[in-house]
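turn this into a model:
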Amino acid sequence: MRIGQYEFKNRIFLAPMAGITDQPFRRLCHQQGAGLTFSEMMSTNPDVWHTEKSKLRLAHHHEIGLNAVQIAGSDPTEMAEAAKVNVAYGAQMIDINMGCPAKKVNKKMAGSALLREPDLVARILSAVVNAVDVPVTLKIRTGWDQDNRNCLEIAQIAEQSGVSALTIHGRTRACLFEGQAEYDSIKAVKQVVSIPIIANGDITSAEKAKFVLDYTGADAVMVGRGSYGCPWIFKEISAFLAHGTLPIISLEEKSQLMFKHIEDLHQFYGEEKGYRIARKHVGWYVERLMPNSTFKRTFNALETTYEQLNALENFVKSL
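You can find the predicted model right below:
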């Protein structure tokens, strides 16, 4: 699997997700087999580029592999400038967000709202591609709503603009994350453009990943919510695609991965922020490892690194 000048170890990618794909999580997913991971979405507003929050979002580590950064905005000039700034900070790939369905993003005419303005899409893509010397990728949905699915048109614009790869989430903006993702639109796009196509949406198991790759003909799959509390999904998909069997990952190994992840979160964010960010991840892990456990409620009441890690260590022993 290649994008631009870069070749990846596999075709299983981690989606950019706000509040999720920070440095510790990207590092863990890469270690578990993700061929490419993306940073959290970065705003094109220059006022926030140098804030502590932005610095944490952009923080990279050599163990993560390629440094791919996602940007979001609606002004071609600002998007181009944001791309240049991020490349200067070390980004080796720029991903443009035209798929986020969040109201606060769409109100600014960014994210999936841009799908309603193909001419603006073309101007943004051309501006960013011409501004940087690294590969530029694009992430979209199939359209704004069921009556306005225009991913074919957007894909052709992307190809003509020099975009190096296109990720398509198999839902419209109106769908949000409800219902089932559909893959016919992704299959149709793959048949009309020559740039790599990455299929996204409801990739929650190794079997589903193989089905989507086979059905759509996509060059890669991108895992989003399927990775919540389950970073080992990349190892499972990789093994299943290569050998047709799932690897045996023991409960002990999964528990240790959880503990190391939370430990890394505390180290990365510090005492003040770490305990709050750890809560959601532990909740997802617990649902995977021991559904219906009361531990999540107990854990959410803890407010120090020591208390959380001590409780987590005891929970792991109980498993």
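
give me the buried positions along stretch 11-25.
Within stretch 11-25, the residues that count as buried by 16 or more other C-beta atoms under 10 Å are 11-18, 20-25. For the C-beta atoms, the positions are set from N, CA and C on the backbone; glycine is no exception.

can you put those residues in CSV and add pLDDT and distance to I157?
CSV is the format used below for the buried residues of stretch 11-25 (pLDDT from 0 to 100; distance: C-beta to C-beta, whole Å):
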residue, pLDDT, distance to I157
R11, 97, 24
I12, 98, 27
F13, 98, 22
L14, 98, 26
A15, 97, 22
P16, 95, 21
M17, 94, 25
A18, 90, 25
I20, 94, 29
T21, 95, 26
D22, 94, 31
Q23, 94, 33
P24, 96, 36
F25, 97, 32
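
inside helices: which ones of these?
Using DSSP state H, the subset of the buried residues of stretch 11-25 located in helices is Q23, P24, F25.

excluding its backbone neighbours, what's nearest the second one?
In space, P24 comes closest to D264 once its chain neighbours are excluded; the distance is 4.1 Å by C-beta to C-beta, 6 or more residues apart in numbering.

just the first one next, same as before
Spatial nearest neighbour of Q23, chain neighbours left out: A59 (4.6 Å); criterion: C-beta to C-beta, 6+ apart.

contact partners for the one you found?
The contact partners of A59, by C-beta atoms under 8 Å, 6 or more residues apart in numbering, come to D22, Q23, F268.

the second one reaches H61, doesn't it?
It refers to Q23. Yes - Q23 is within contact range of H61, at 5.7 Å (criterion: C-beta atoms under 8 Å).

the nearest residue to A102 once chain neighbours are set aside: neighbour count?
Spatially, and ignoring its direct neighbours in sequence, A102 is nearest to G111 (6.5 Å; C-beta to C-beta, 6+ apart). When neighbours are counted by other C-beta atoms under 10 Å, G111 registers 26.

what about G111, distance to W144?
Remark: distance between G111 and W144 (C-beta to C-beta, to the nearest Å) = 11 Å.

now the common contact residues for these two.
Joint contacts of G111 and W144 (C-beta under 8 Å, 6+ apart) are R173.

could you look up the SS state of T137?
Under DSSP: H, G, I helix; E, B strand; the rest coil, T137 falls in the strand class.

report the contact partners of it.
Shown in contact with T137 (C-beta under 8 Å, 6+ apart): I3, A68, M93, I94, D95, I96, V163, S164, A165, L166, T167.

now, among those residues, which is nearest to Q180?
Closest to Q180 out of the contacts of T137 is T167 (18.3 Å), distances taken as C-beta to C-beta.

isn't there a strand covering that closest one?
Yes - assigned with three-state DSSP, T167 falls within a strand.

how many neighbouring residues does it have?
T167: 27 surrounding residues under other C-beta under 10 Å.

looks to me like Q146 is in a strand.
No - assessed with three-state DSSP, Q146 is coil; it does not lie in a strand.

are any of the contacts of T137 buried, and if so which?
So, by 16+ other C-beta under 10 Å, the buried ones in these are I3, A68, M93, I94, D95, I96, V163, S164, A165, L166, T167.

how about the helices in the chain?
23-31, 52-58, 76-88, 103-106, 118-131, 151-161, 184-190, 206-216, 233-243, 251-269, 271-289, 295-300, 305-318.

so which of these comes closest to E40?
Of these, nearest to E40 by C-beta to C-beta is helix 52-58, at 4.7 Å.

so V163 touches L138, yeah?
Yes - counting by C-beta under 8 Å, L138 is a contact partner of V163 at 5.0 Å.

tell me the residues that contact both of the two, please.
The contact lists of V163 and L138 share I96, L125, where a contact means C-beta under 8 Å, 6+ apart.

quick one: contacts for G226?
D202, I203, T204, S205, I233.

please redo it, this time with the cut-off set to 7 Å
I203, T204, I233 (C-beta atoms under 7 Å, 6 or more residues apart in numbering).

go on, L56?
Residues in contact with L56 (C-beta under 7 Å, 6+ apart) are D22.
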